[in-house]
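>>> For reference, the sequence and a predicted model appear below.
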Amino acid sequence: MDKFLEMKVFSAVVEAGSFTGATQVLDMSKAAVSRYVSELEERLGVRLLHRTTRKLSPTTEGEIFYARCRELLVNLDEAEAEITSRTGQAAGLLKVSVPVTFGLMHLAPLWPVFLARHPKLSLDITLSDRVVDLVEDGFDMAVRIGQLPTSSLISRKLAATRMVLCASPAYLQRRGRPAQPNDLLQHDVISYSLFSSGENWSFTGPAGEVTVKVVPRIRTNSGDTCRAAALQGQGLILQPTFIVGPDLANGLLAETMLGYHSLELGIYVVYPSRKFVSPKVRLLIDFLVEAFAQPVWKSATHPVIVPDIETVLR
C-alpha cells in the first residue's frame, strides 16, 4: 500500500468532512476512499475518524495524524516542485481565492492568457469576499484588496485603487452636490456592508481627517449592487476606482466633494510563508504583476464636473 496515497486520501476526507466530498477532490469512488481509510486505521491500530450519519470528524488521534500528514504532503509537493523547476517546466493545479467583483471584472479575462502560456497548469478559482485561511482551506494564493494586517503570509503589491465618492449626474442635479462630509447626512447613501469601518466614512480635507457616520438608504454586501443603484440615480456611493473608473471616464458617474479624498487601497497577491515557493505559484505571481503594471482604471478616472442645479437654471 502506498503510504503517501493513504495520507492524501485521509487528509482529503478530513478536509471535505465526508467520503463523498473527498471523492470529488481525489477523482476516486466512494468505496475506494472508504477502503483506503479503513485499511489505514487497521494498519495503525487506531480509529482516526468519528463516523456519524451526517458527517465525519477526526478523533484526537486523527487530528494529530492529519497535522503530520499535511506537513509531509506539503514537503513532498515542494520537493517535487523544486526538482521540476530545474527543468523549466511547471505543472499541476493552482488553487486561488479572489474577491468577487475584482475577480469578474479584471481577473477573469486574464486566466485564459495565463493558461495559454502554461499548458501544463490548471486553475481552481474561488470567488469570495470572505478572507480565507490559505493554509487551512488549501489555497496556493489569494488576491486581497485593502490595508493588509500583519500576518505570516507573504504579500506582493499588484496595484493601487482609490475610494471615490460619486453619483450619477441626474442624482447630483436633482439633489445637489455635497461640499463637505457632514452634507452626506442630507443625502441618499448606498453603503457597502463589508467595509471594515462600517458606516463610518472617513475623508481627508483642508482641515485634516473627518469621519461621518452615514445613514444608508440602501445597504448591500455587493459592490456591483452599489454601482448599479448609483447608475440608476439612487444615491451616493463610496467605491474603488477599479469598479467605477470606466463610469467616471464616460460620464455615467461623477466624482463629488472634490476638496476631500478618501482611502487609497492596495491590491495584493498573498501566499503562505514557506521556505520554497513552487514554480507554478511564482509563475502566476509574476504574470499578475506584469498584467497590472498599468491598471486600466488608473487612466480612466478623471472626474466629471457636474454643476449645481441652481447654476443650470440661470
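Perfect, I can see it now.
>>> Every contact and neighbour count from this point should use C-alpha atoms.
Will do.
>>> Which segments of the protein make up each domain?
The domain map for the chain lists 3-85, 92-160+265-291, 163-263+300-313, with the assignment taken from automatic domain parsing.
>>> Out of these, which is the most enclosed?
domain 163-263+300-313 (a mean of 18; mean count of other C-alpha atoms under 10 Å).
>>> one step back: reformat the domains of the chain into a markdown table and put mean pLDDT next to each item.
Shown next, in a markdown table, are the domains of the chain (pLDDT from 0 to 100):
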| stretch | mean pLDDT |
| --- | --- |
| domain 3-85 | 83 |
| domain 92-160+265-291 | 87 |
| domain 163-263+300-313 | 87 |
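>>> if we look at the top strand by length along the chain, which residues are touching it?
When the chain is parsed with DSSP state E, its longest strand is strand 154-167. Strand 154-167 is contacted from outside by 230-231, 233, 235-242, 253-257, 261-273, 288-289, 292-293, 295, 298, using C-alpha atoms under 8 Å, 6 or more residues apart in numbering.
>>> Take that strand, keep the C-alpha atoms, and write them as CSV.
The C-alpha trace of strand 154-167 is given here as CSV (Å, rounded to 0.1, in the frame of the first residue of the first chain):
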residue,chain,number,x,y,z
ILE,A,154,4.0,36.8,2.2
SER,A,155,2.5,39.6,0.0
ARG,A,156,3.3,41.4,-3.2
LYS,A,157,1.6,44.5,-4.3
LEU,A,158,0.0,44.4,-7.8
ALA,A,159,-1.6,47.9,-7.9
ALA,A,160,-3.5,50.5,-6.0
THR,A,161,-7.1,51.8,-6.2
ARG,A,162,-8.6,54.8,-4.5
MET,A,163,-12.0,55.1,-3.0
VAL,A,164,-14.2,57.6,-4.8
LEU,A,165,-17.4,59.3,-3.6
CYS,A,166,-19.6,59.6,-6.7
ALA,A,167,-23.2,59.5,-8.0
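>>> neighbouring strands for that strand, and are they parallel or not?
Here strand 154-167 has these sheet partners by DSSP bridges: strand 236-240 (antiparallel), strand 254-255 (antiparallel), strand 264-271 (antiparallel).
>>> now the helix or strand following that strand, how far from the centre of its chain.
Using DSSP states H and E, the helix or strand that follows strand 154-167 in sequence is helix 169-175. Taking C-alpha atoms, centre = their mean, to the nearest Å, one finds the center of helix 169-175 at 33 Å from the center of the full chain.
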